[in-house]
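> my questions concern the predicted model and sequence given below.
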Amino acid sequence: MDALTLARWQFAITTVYHFFFVPITLGLSIAVAIMQTAYYRTGNEAYKKMTKFWGKLFLINFAIGVVTGIVQEFQFGMNWSQYSRFMGDIFGAPLAIEALLAFFMESTFLGIWIFGWERVSKKIHLASIWLVAIGSNLSAIWILAANSFMQQPVGYAVRNGRAEMTDFFAIITNGHLWVQFPHVFFGALATAGFLILAISAYQLVKKGKHEVFKKSFKFGAVYALVGSLLVILLGHTQAQYMIKVQPMKMAAAEALWESENPASMSLFTFGDEKNRKDVFAIKIPGALSFLAYNKFEGEVKGIKNLQAEAEQKFGPGDYVPPVAVSYWTFRIMVGVGFLMLLIAILTTIQAYKTKFEFKPLWYKIVFWSMFLPTIANTAGWIFTEIARQPWTVFGLFKTADSVSNTVSAGEVGFSLIAYTVIYAILIVVMVGLMKKYASRDVDEIEKEEKEVNNSVLSKA
């Protein structure tokens with residue numbers, strides 16, 4: 001393999017792995033803040049135990065997420081120096097603000113929250129976890145501002161072969177950012193909701209029907225339902241926006257070779273990507289036009305037509321992304337999203353009507369469903385990045401021009417193996433810690449914490 005191909009694999013592995021942890025951090029931070037708010041308002045000790053239990057899992061996930069993020073930055077600087085040279089003026093500002101403002105706020109108040117139990121007032125302690133949650137999600141906004149520029153460049157001028165920022169306000173009000181962030185945000189709520197559901201189901205089956213996990217189960221069901229429903233509705237809005245600013249991406253997602261009006265939506269297509277034609281396809285007439293315009297008419301441009309337009313605008317070349325990967329990752333994301341919504345609806349109804357008298361099979365379904373959001377998140381990000389090809393910055397800078405010109409294929413291959421080994425070790429550590437803590441008795445945890453606190457106070 002050449003350096004470009006290996007660098008692409010390395011970017012894909014490090015980014016997908018890092019994004020295993022990001023949605024859990026975003027969603028669980030808000031969940032813990034809501035639980036602590038319930039404790040602050042009611043004084044109910046069950047909410048305090050919930051806050052501490054899920055807060056510990058949040059901390060484990062946060063720590064591993066920070067480590068994987070650092071590794072990702074290393075590979076970025078090493079393999080994509082030409083991209084960094086071209087985008088540095090744009091990319092640098094949002095990422096600097098993310099680190100100096102959002103991550104600083106998140107980390108500072110996380111320290112107050114961890115060590116502040118019984119040491120600061122309840123009001124300040126509650127405010128600290130909310131500031132952690134706000135800081136986490138502000139981080140996501142700044143990172144997505146940088147990513148949105150790659151999808152839809154705004155507020156820039158190209159000078160001396162570099163993109164230079166001319167309008168900071170245009171970058172933070174980029175339309176792509178404000179359809180992308182809500183989709184990511186509610187996807188994070190769904191991810192955290194299914195995690196809470198799964199661990200609560202395990203505890204209810206293995207440890208008995210403890211009040212903490214009955215409340216957690218109901219909370220997780222509603223949280224997963226809200227997240228799943230809104231991620232689908234906002235995903236529809238994002239798809240409509242994508243048709244306007246990145247029509248090739250939608251054409252690849254539907255394997256739509258020719259422009260159509262009204263346009264059909266593919267249920268299943270087996271295509272000949274080389275010759276750009278269907279071999280076998282089942283389609284719903286007019287449904288793609290409805291997705292695009294909320295009515296059963298309207299043109300959706302096809303891959304061949306968009307390729308011709310791109311050649312006229314950018315010169316000779318292949319401007320079609322990998323269609324099969326785009327088509328199937330889009331379907332996995334959407335299909336798993338609807339499956340999550342179905343499970344969340346049925347689980348919420350059963351949780352509030354049957355008093356946890358579920359059939360054993362349903363507990364198993366709920367437990368294993370915690371992996372569904374991760375599958376959907378991963379497929380969604382692969383689709384987002386693959387279907388933008390051949391561009392790293394849409395319409396401005398190609399991926400083939402972005403790779404470092406001073407790093408050999410052997411060096412990239414070595415670092416690819418090294419990072420993969422590091423990530424394999426981290427995933428073992430992560431799963432081990434999460435499993436160990438998630439399976440513990442919540443009353444024993446409370447008892448141990450009291451003994452530790454008493455020991456510290458007696459030595460003080």
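Noted; the coordinates are in hand.

> output the contacting helices and strands for the helix or strand that contains residue 310.
Secondary-structure element containing residue 310, defined by DSSP states H and E: helix 303-314. Secondary structure elements in contact with helix 303-314, counted by 3 or more C-beta pairs under 8 Å, 6 or more residues apart in numbering; DSSP states H and E, are helix 247-253. Yep, even glycine has a C-beta here, placed from its N, CA and C like the rest.

> give me the residues contacting the helix it packs on.
Residues from elsewhere that reach helix 247-253, judged by C-beta atoms under 8 Å, 6 or more residues apart in numbering: 239, 242-243, 256, 292, 300-303, 306, 310, 319-323, 326-327, 330, 383, 387-388.

> any idea which helix or strand comes after that helix?
Sequence-wise, the next helix or strand beyond helix 247-253 is strand 265-272, with elements assigned using DSSP H and E.

> look up how far residue 170 lies from the residue nearest to residue 397 when sequence neighbours are not counted.
Taking C-beta to C-beta, 6 or more residues apart in numbering as the measure, residue 397 lies nearest to residue 86, with 5.2 Å between them; neighbours along the chain are not counted. Between residue 86 and residue 170 the distance, using C-beta to C-beta, to the nearest Å, works out to 18 Å.

> so between the two, which is more surrounded?
Set side by side, residue 86 and residue 170 show unequal neighbour counts under other C-beta atoms under 10 Å, the larger going to residue 86 at 21 against 14.

> and the host helix or strand of the more buried one, what's its mean pLDDT?
Per DSSP H and E: residue 86 is located in helix 81-97. When the per-residue pLDDT values of helix 81-97 are averaged, the result is 86.

> how about stretch 128-146?
For stretch 128-146, mean pLDDT is 92.

> distance between it and the chain's centre?
Its chain's C-alpha centre lies 13 Å from the corresponding centre of stretch 128-146 when counted by C-alpha atoms, centre = their mean, to the nearest Å.

> do the same with stretch 84-99
Between the mean C-alpha location of stretch 84-99 and the chain-wide mean there is a distance of 20 Å, by C-alpha atoms, centre = their mean.

> what's near enough to touch residue 54?
Taking C-beta under 8 Å, 6+ apart as the contact definition, residue 54 lies against 28, 31, 32, 35, 196, 216.

> check the offset of stretch 96-108 from the chain's centre.
19 Å.

> please identify the buried residues of that stretch?
The neighbour-count criterion (16 or more other C-beta atoms under 10 Å) identifies 97, 98, 102, 103, 105, 106 as the buried residues of stretch 96-108.

> want to throw these into TSV with distance to residue 404?
Formatted as TSV, the buried residues of stretch 96-108 follow (distance: C-beta to C-beta, whole Å):
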residue	distance to residue 404
97	26
98	24
102	29
103	26
105	33
106	31
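
> redo the contacts of residue 54 as a markdown table? Include neighbour count and distance to residue 287.
Written out in a markdown table, the entries for the contacts of residue 54 read as follows (neighbours: other C-beta atoms under 10 Å; distance: C-beta to C-beta, whole Å):
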| residue | neighbour count | distance to residue 287 |
| --- | --- | --- |
| 28 | 27 | 36 |
| 31 | 26 | 36 |
| 32 | 26 | 41 |
| 35 | 25 | 41 |
| 196 | 28 | 35 |
| 216 | 27 | 39 |
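
> cool, thanks, signing off.
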